[in-house]
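A.B. asks: Pasting the sequence and the predicted model now:
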Amino acid sequence: MVKRSAGALLQSIEIDHDSPRTLSTQITIAIRDIILVGGLPAGTRLPSTRTLAKDLSVSRTTMVETFERLVAEGLLVSTTGSGTFVSDAVGTTRQYSAPSADTEVTGIKRPYFPSLQHREFLHRFGDSGDTAGQLNAFGERLPHQVRAFTTALPALDQFPLALWARRNSRHWRNPRDIVLGYGDPAGYPPLRRAITAHLKATHGISCEPEQLFVTNGAQQAFHFIASVILQPGEKVWIENPGAIGARNALLAAGAELVPVGVDSEGIMVEQGINRAPNFRLAFVTPVHQQPMAVTMSLARRLALLEAAERANAWIIEDDFDGEFYYGSHRLPSLKSVDRSGRVFYVGTFSKTLFPALRLGYFLVPESMVELFQTAILAYVSGAPSNPQAVVADFMEEGHYATHIRRMRKIYLERYEVFLDCSRQRLDGLLDIEPTDAGLHTIGNLQCGLIDTDVAARAEKHNITVTPIRRFCISDTDVNGLLLGFSGIDQSAIKAGVTTLARVLETQASRI
């Protein structure tokens, strides 16, 4: 008698042995797609890795890696002795309808460009002072000194500058009209192709170069997307605490910000629905939340996508440092599970290469390509061509992937040194939260210490610790610090922890 099912038949999965994607990546994407469109309902038992490897004519190692990735994404649940099943978190998943770009469906009557609407722009930023006042209330952008414990800084001391200089010199020998003239407003075509190939191969994001636009940093991408899809006064969900740069860009585009809390699973979707069910846009950092360093759960991702569909809203996903992860697999992006065409994906080279490059990019849903192509041509001159060409070479020749792998190793080593020193010197003063990705983590203050007081005292000792409340748009009960570990070497980390311990001990003695 057969005691249990051998699992669903998945022989319809097609494998392209000539594809640049690994077999594991191809199969992961295929199974993910089947699950997300309802082809494998919650609770469905999958075949064993041995059986599926035989069905698909691949090695068992390939299937083990595939299952591990899908378990890490929360789509599968594996139980020793029972098998592997589709997660209950996808129980409400349904096949979403993709939005159209016409006026009736999206409500976009015209692209809204504050810089082009000069009189209104002056009124909001100059005459009335309301929006400018809000921007001023948030203070300056985060400090960027190379010292303990500045956030958002890559390891500039480890960048392959000689290799970069050789590629840069080669492109400076191109014809002057290419080097010195205006480039393609949408971005240097080889770079657009290289980025989309990277997103397909490593992020599981299905996209084409026509959907991708290169910008002068992620900040410009945020503002441009918001300017096109928002009318002044429309409601935007934003994580609270959340990213300062994005917050200011959305304000500059005329948005009415709706703060939505963050917990261990990411943005609290139900809270957002209660506060603004008819929101127009949501801004989120799912892979590594800024600043709380948590990863959005699969259940929250699906709930957010469903809420966006109900409200006919859009989502901006900021994947600012998700390339750097410290587990066996990259944490999944929201875009990779978006089947409704709601998500704008934004990336940056400021963290993976270096900030002075000032290159970012954004990926638009297929339904919005024509609108954004028109808006880009009307509004943007484009990023400088030469740096784009060098980055394209880096990606096409494999240097980018090599650099990312090397940086992951270095950042993990620095993170482990930071954790070890913190356990020895900060115990009882600062409770460090572990993180699986990114360039920073957070520490929760103990002993009645106040984050702003600690930050001010630390600054006098030439270390940077950023209060979490600086990222808040409305009151929260958080009382902790952002601590970056990526931009300085191990000796500077150890010295920084020692200095921070003295600061905390001094502050605690005064309470």
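C.D. replies: Right, received. Where do you want to start? Residues are numbered from 1 along each chain as shown.
A.B. asks: how does this structure divide into domains?
C.D. replies: Using automatic domain parsing, the domain ranges for the chain come out as 23-90, 164-400, 405-509.
A.B. asks: for those domains, which one ends up most surrounded?
C.D. replies: domain 164-400 (a mean of 20; mean count of other CB atoms under 10 Å). From N, CA and C alone the C-beta is placed, and that goes for glycine too.
A.B. asks: can you give me the offset of that domain from its chain's centre?
C.D. replies: Centroid separation between domain 164-400 and its chain, computed with CA atoms, centre = their mean, to the nearest Å, is 8 Å.
A.B. asks: again, but for stretch 473-486
C.D. replies: Put simply, stretch 473-486 sits 18 Å off its chain's centre (CA atoms, centre = their mean).
A.B. asks: For Arg147, find the nearest of the domains of the chain.
C.D. replies: Closest of those to Arg147 is domain 405-509, at 6.2 Å (criterion: CB to CB).
A.B. asks: coming back round to it: tell me which of the domains of the chain sits nearest to Ile15.
C.D. replies: Nearest to Ile15, of all the domains of the chain, is domain 23-90, at 5.7 Å by CB to CB.
A.B. asks: quick one: which of the domains of the chain has the weakest pLDDT on average?
C.D. replies: Mean pLDDT per stretch puts domain 23-90 lowest among those, at a mean of 87.
A.B. asks: how long is it from one end to the other?
C.D. replies: 25 Å (CA to CA, to the nearest Å).
A.B. asks: Let's have the domains of the chain in CSV, adding distance to Val146.
C.D. replies: Shown next, in CSV, are the domains of the chain (distance: least, CB to CB, whole Å):
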stretch, distance to Val146
domain 23-90, 33
domain 164-400, 11
domain 405-509, 6
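A.B. asks: so which of those domains gets nearest Glu14?
C.D. replies: Among those, the nearest to Glu14 by CB to CB is domain 23-90 (7.4 Å).
A.B. asks: can you give me the offset of that closest one from its chain's centre?
C.D. replies: That offset, for domain 23-90, works out to 25 Å (CA atoms, centre = their mean).
A.B. asks: which stretch of helix or strand covers Arg247?
C.D. replies: Here Arg247, judged by DSSP states H and E, is contained in helix 244-252.
A.B. asks: I meant Val346, not that one.
C.D. replies: For Val346, the enclosing helix or strand under DSSP H and E is strand 343-348.
A.B. asks: And for Leu257?
C.D. replies: According to DSSP H and E, Leu257 maps onto strand 256-263.
A.B. asks: which one of the domains of the chain lies closest to Ala148?
C.D. replies: Closest approach to Ala148 among the domains of the chain (CB to CB): domain 405-509, 2.6 Å.
A.B. asks: Name every strand pairing with the strand holding Val346 and say which way it goes.
C.D. replies: Strand 343-348 sits in its sheet next to strand 314-318 (parallel), strand 360-363 (antiparallel), going by DSSP bridges.
A.B. asks: Dump those strands into a markdown table; add distance to Arg275 as well.
C.D. replies: What follows is these, written out as a markdown table (distance: least, CB to CB, whole Å):
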| stretch | distance to Arg275 |
| --- | --- |
| strand 314-318 | 16 |
| strand 360-363 | 26 |
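A.B. asks: Which among the ones you listed is found nearest to Arg423?
C.D. replies: Closest of the strands paired with strand 343-348 to Arg423 is strand 314-318, at 31.0 Å (criterion: CB to CB).
A.B. asks: Next, the angle helix 244-252 makes with the closest one.
C.D. replies: Here strand 314-318 runs at an angle of 150 degrees relative to helix 244-252 (axes from the mean of the first three to the mean of the last three CA atoms, to 10 degrees).
A.B. asks: Could you check the angle the strand holding Leu257 makes with helix 244-252?
C.D. replies: Here strand 256-263 runs at 150 degrees with respect to helix 244-252, directions being taken by the same axes, to 10 degrees.
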